[in-house]
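Visitor: Requesting a structural model of the entry that follows:
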Amino acid sequence: MASIGRSTPRVGGRPGCRPRGSRRRALLDSAPDIEVVGEAGSGEEALALASKLTPDVVLMDLQLGEGVDGVETTRRLTSDPGASLHVLVLTTYDTDADITRPIEAGATGYLLKAERPDELFAAIHAAAEGRTALSAPVADRVMANLRRPRPALTDRERDILAQLGRGIGNRDIARALYISEATVKTHLRRIYDKLGVDTRAGAVAAAKERRLLP
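Guide: Presented below is the predicted three-dimensional model:
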């Protein structure tokens, strides 16, 4: 995890980071105004250490192996109204879904690991002050998504899409909505066309990326 406090930022290790002697840790240690106060190898460990160390900033990897993932860890860390810490995601993943989920979970920023050291340090300082910090490619994707018109789904199509998001099959969708399976299939084809996909999984993924599902 990463901690920043006082007048100069202090940064700790992050969940999912390499061993204590890693290049990332050495990089953070090289910054005169950054102090690593703790590291965690799992979401559960991060939650425990955050409670103990009360950090101001947590550098979060999205992939933490088994157990609680980075998104859920972010949600738990930031869900307390009295929490003063900020989560800065540091990852290699840059798809729309990867970006959207942790930000919706409460992350203050989203940074790609390819960023230069000075950009990482600046993002940590920004996060410490509660300001949004995004890598340039991430900011471009966010803006593009905001400009992209949402597909004009009908109410029935939204109902069926919501059922898809729950993993429900065509027969059960038909029963739940009091329509025939043939009608469900017709609506699915229209949903696929509007979302530009050709599978149920693709429709669910596209809907989540475009925030068409809760």
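Visitor: Which residues are in contact with A133?
Guide: Residues counted as contacts of A133 (CB atoms under 8 Å, 6 or more residues apart in numbering) are L88, T108, G109, Y110, L111, A122, A123, I124, A126, A127. No exception for glycine: its C-beta is placed from N, CA and C like everyone else's.
Visitor: What separation do you get for Y110 and A207?
Guide: 21 Å (CB to CB, to the nearest Å).
Visitor: what do you get for T186?
Guide: Distance from T186 to A207, by CB to CB: 18 Å.
Visitor: where's stretch 28-43 relative to the chain centroid, distance-wise?
Guide: 21 Å (CA atoms, centre = their mean, to the nearest Å).
Visitor: tell me the mean pLDDT for it?
Guide: Over the span of stretch 28-43, the pLDDT mean works out to 84.
Visitor: for stretch 141-152, same thing?
Guide: The pLDDT scores in stretch 141-152 average 79.
Visitor: which residues are contacting it?
Guide: Stretch 141-152 is contacted by residues D94, D96, I99, L134, K194, L195, E209, R210, L212 when judged by CB under 8 Å, 6+ apart.
Visitor: Swap in 6 Å and give it another go.
Guide: Contacting residues not belonging to stretch 141-152 are listed as K194, L195, R210 [CB atoms under 6 Å, 6 or more residues apart in numbering].
Visitor: what do you get for stretch 177-189?
Guide: E157, D159, I160, N170, R171, I173, A174.
Visitor: Tell me which of those residues fall in strands.
Guide: Assignment to strands by DSSP state E places none of the contacts of stretch 177-189 there.
Visitor: wait, is V58 part of a helix?
Guide: No - using DSSP: H, G, I helix; E, B strand; the rest coil, the secondary structure at V58 is strand, not a helix.
Visitor: following the lengthiest strand in the chain, which helix or strand shows up next?
Guide: Counting residues, the longest strand found in the chain (DSSP E) is strand 86-91. Next along the chain after strand 86-91, taking DSSP states H and E as the criterion, comes helix 96-105.
Visitor: Name every strand pairing with whichever helix or strand comes after that following helix and say which way it goes.
Guide: Using DSSP H and E, the helix or strand that directly follows helix 96-105 along the chain is strand 109-112. Each strand paired with strand 109-112, and its direction, by DSSP bridges: strand 86-91 (parallel), strand 133-134 (parallel).
Visitor: Columns mean pLDDT and distance to T78 on top of the ones you listed, output as a markdown table?
Guide: As requested, the strands paired with strand 109-112 are exported to a markdown table (pLDDT from 0 to 100; distance: least, CB to CB, whole Å):
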| stretch | mean pLDDT | distance to T78 |
| --- | --- | --- |
| strand 86-91 | 93 | 6 |
| strand 133-134 | 96 | 15 |
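Visitor: orientation of the lowest-mean-pLDDT helix or strand in the chain relative to strand 86-91 in degrees?
Guide: Between all helices and strands in the chain, the lowest mean by mean pLDDT, DSSP states H and E belongs to helix 23-30, at a mean of 82. Using axes from the mean of the first three to the mean of the last three CA atoms, to 10 degrees, the inter-axis angle of helix 23-30 relative to strand 86-91 is 140 degrees.
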